[in-house]
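J.: Turn this into a structure:
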Amino acid sequence: MRFVPPGGWYSVEFPATPECGADEGMRDCRYVDPANGRVFRTRHWKIRLLSDEALRKDPSRNLKGLVLNTARSEGLEVLLNNATTADGFAAIDYRLGAQSNSPSTVQAAGQFINLGEKVIQIVHLSVDGREAIPEDVIQRFVKSFRAENGGQGLAPLPPSIASLFQGSMVKPGVFTYQRITETAVWEQVADREPLNYSTQTTRRTIQRKRDKKRDALIVTVSGRTLTGTFEERTWLDAKTLIPYKQVSRSSRFDAMLAKQQTSTFQLENINGVWRGESTGPFKGKFEHPVGDTPLLLAGAALELAVSSLPLEEGFIGSIRVFEPDGFITQEFHSDWRVLVMYAPDLVEIAGMQADKKGLIKTFKVELTEHKAKSPRKLTLWIENSPARRILQVETFVPDRQHARTSVNMLQTKQ
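T.: Down below sits the predicted model:
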């Protein structure tokens, strides 16, 4: 289960709910596995870090001494004390074992993390045991670290991964998804009922075609709502998966006017300038220059691009998304952090059952809006196979008054 320690700017996945101490100066949360006595633990505290040339060259330099102090206090030998990163932050990966002349087994392991740059929160993740701790148990715990709340604002934006999209990984086909959406009062307590709950079925079609002297992938998403229909068609460059055109059309019955209302929105990148036009109840035009910056569009286009990446646990990077609402908000793009989390093999997901060959293997990819006051979040469950089907997408979108959570689940492939 994912857990945010009290006062922490981060979250980790514990095997079960941990117990936390009351000391606000150094929060200590731990879970003891009753099966083997292993202790999974998080601690964090704040310090002001004085930057110098040595620290700029080695951002995790201050953490190496913490590992040595830990080994000394517990009477253990340092087996590993290596610089690494955790969700983009400077960190130290360590292993400790019993002092001995013979090869030592790991009895304590974890990471120290600098969550921030100047005034920082030092995070200590650890797994301790009376017997040797398997490496996969250690990795599963420490790699589940993710910046949350105030930590997200401190996180550096990783390098862009737009150049890694692989159009050849996206397979044509027709897919049916069921979307379940809940709208709730923003920051309401968990046991209150949502304001709105709805389900709908959408159809996603992926085609390869020649368009304007270029090879393109055309992605069409269509479906019905309670009051009408919608269709969104997006053209992607078949090699880079960067979108260059989108046309959407929706109709709904307006009860106040007692008639059907139709709206269209067209968006196209022409010579490095995004041009948009809307018709219907809300009419308008805009132009916004972007040059050669590779921008994605939210929805199916973004999901397919992410599914084409060279995914593996710990993969991290960033993408930039074009925001058509910018003609209202004046913010025409958003940056997103992309992180591949640990994903256990599954017995079922989105109604799919594992076959006789074994469990369902997936990639769990988390996207978080970078340095937003109320960040949007996406979690993608992507099939770990050459098909790279998008099995499930969980979306969280907050605004000033409401928070909308939706789950989009693959139903069938035709």
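J.: hey, let's count contacts and neighbours off CA atoms from now on
T.: OK.
J.: give me the low-pLDDT residue ranges for the stretch 151-300 of the chain?
T.: Within the stretch 151-300 of the chain, the stretches with pLDDT under 70 are 152-153, 185-195.
J.: Next: the stretch 301-414 of the chain.
T.: Along the stretch 301-414 of the chain, the parts satisfying pLDDT under 70 run over 357, 399-402, 412-414.
J.: Outline the domain layout of this structure.
T.: Here the domain assignment for the chain is 2-154, 162-413, based on automatic domain parsing.
J.: Let's have the ones you listed in CSV, adding mean neighbour count.
T.: CSV is the format used below for the domains of the chain (neighbours: other C-alpha atoms under 10 Å):
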stretch, mean neighbour count
domain 2-154, 18
domain 162-413, 17
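J.: And F175, how close does it get to R210?
T.: 22 Å (C-alpha to C-alpha, to the nearest Å).
J.: same check, this time on P281
T.: 34 Å.
J.: did I read that right, F363 in a strand?
T.: Yes: checked against DSSP: H, G, I helix; E, B strand; the rest coil, F363 lies within a strand.
J.: Not counting sequence-adjacent ones, nearest residue to it?
T.: Spatial nearest neighbour of F363, chain neighbours left out: I382 (5.0 Å); criterion: C-alpha to C-alpha, 6 or more residues apart in numbering.
J.: So which elements touch the helix or strand hosting that neighbour?
T.: In the assignment (DSSP states H and E), I382 maps to strand 377-383. Applying 3 or more C-alpha pairs under 8 Å, 6 or more residues apart in numbering; DSSP states H and E, we find strand 377-383 packed against strand 362-369, strand 390-398.
J.: which stretch of helix or strand covers the nearest residue to E231 once chain neighbours are set aside?
T.: Of all residues not flanking E231 in the chain, S222 sits nearest, at 4.2 Å (C-alpha to C-alpha, 6+ apart). Here S222 sits within strand 214-224, counting by DSSP H and E.
J.: Give the pairing partners of the helix or strand just after that strand; include direction for each.
T.: Per DSSP H and E, the first helix or strand lying C-terminal to strand 214-224 is strand 228-237. Sheet pairing for strand 228-237, assigned by DSSP bridges, gives strand 214-224 (antiparallel), strand 243-254 (antiparallel).
J.: any chance of those strands in CSV, plus distance to G317?
T.: As requested, those are exported to CSV (distance: least, C-alpha to C-alpha, whole Å):
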stretch, distance to G317
strand 214-224, 24
strand 243-254, 19
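J.: between those, which gets nearest to Q121?
T.: Q121 sits nearest to strand 243-254 of all the strands paired with strand 228-237, at 39.1 Å, using C-alpha to C-alpha.
J.: neighbouring contacts of that closest one?
T.: 227-237, 259-270, 295-297, 301 (C-alpha atoms under 8 Å, 6 or more residues apart in numbering).
J.: next helix or strand past that strand?
T.: Once the chain leaves strand 243-254, the next helix or strand it forms, by DSSP H and E, is strand 259-270.
J.: Neighbouring strands - and their directions - for that next one?
T.: strand 243-254 (antiparallel), strand 273-279 (antiparallel).
J.: The closest residue to G228 other than its chain neighbours pairs with what?
T.: Among residues not flanking G228 along the chain, R252 sits closest, at 4.1 Å (C-alpha to C-alpha, 6+ apart). Assessed by DSSP bridges, R252 has beta-bridge partners G228, Q261.
J.: Report the separation between R252 and L226.
T.: From R252 to L226 the distance is 8 Å (C-alpha to C-alpha).
J.: Spatially central residue in the protein, please.
T.: Nearest to the geometric centre of the chain sits E366, at 1.4 Å (C-alpha atoms, centre = their mean).
J.: on that earlier part again, among the strands paired with strand 259-270, which is nearest A354?
T.: strand 243-254 (34.2 Å).
J.: For I92, which residues count as its bridge partners?
T.: With DSSP bridges as the rule, I92 is bridged to A83, F112.
J.: residues in contact with it?
T.: So, once contact is read as C-alpha under 8 Å, 6+ apart, I92 ends up touching S60, L63, K64, N81, N82, A83, T84, T85, Q111, F112, I113.
J.: Check what pLDDT the last one gets.
T.: This means I113. pLDDT recorded at I113 is 90.
J.: returning to what we had before: pretty sure the residue nearest to E231 sits against R203.
T.: Yes: S222 lies in contact with R203 (C-alpha atoms under 8 Å); the separation is 5.3 Å.
J.: residues in contact with the closest residue to I360 other than its chain neighbours?
T.: If you skip the residues right next to it in sequence, I360 has L346 as its closest partner in space, 4.9 Å away by C-alpha to C-alpha, 6+ apart. Neighbour list for L346: A354, L359, I360, K361, T362 [criterion: C-alpha under 8 Å, 6+ apart].
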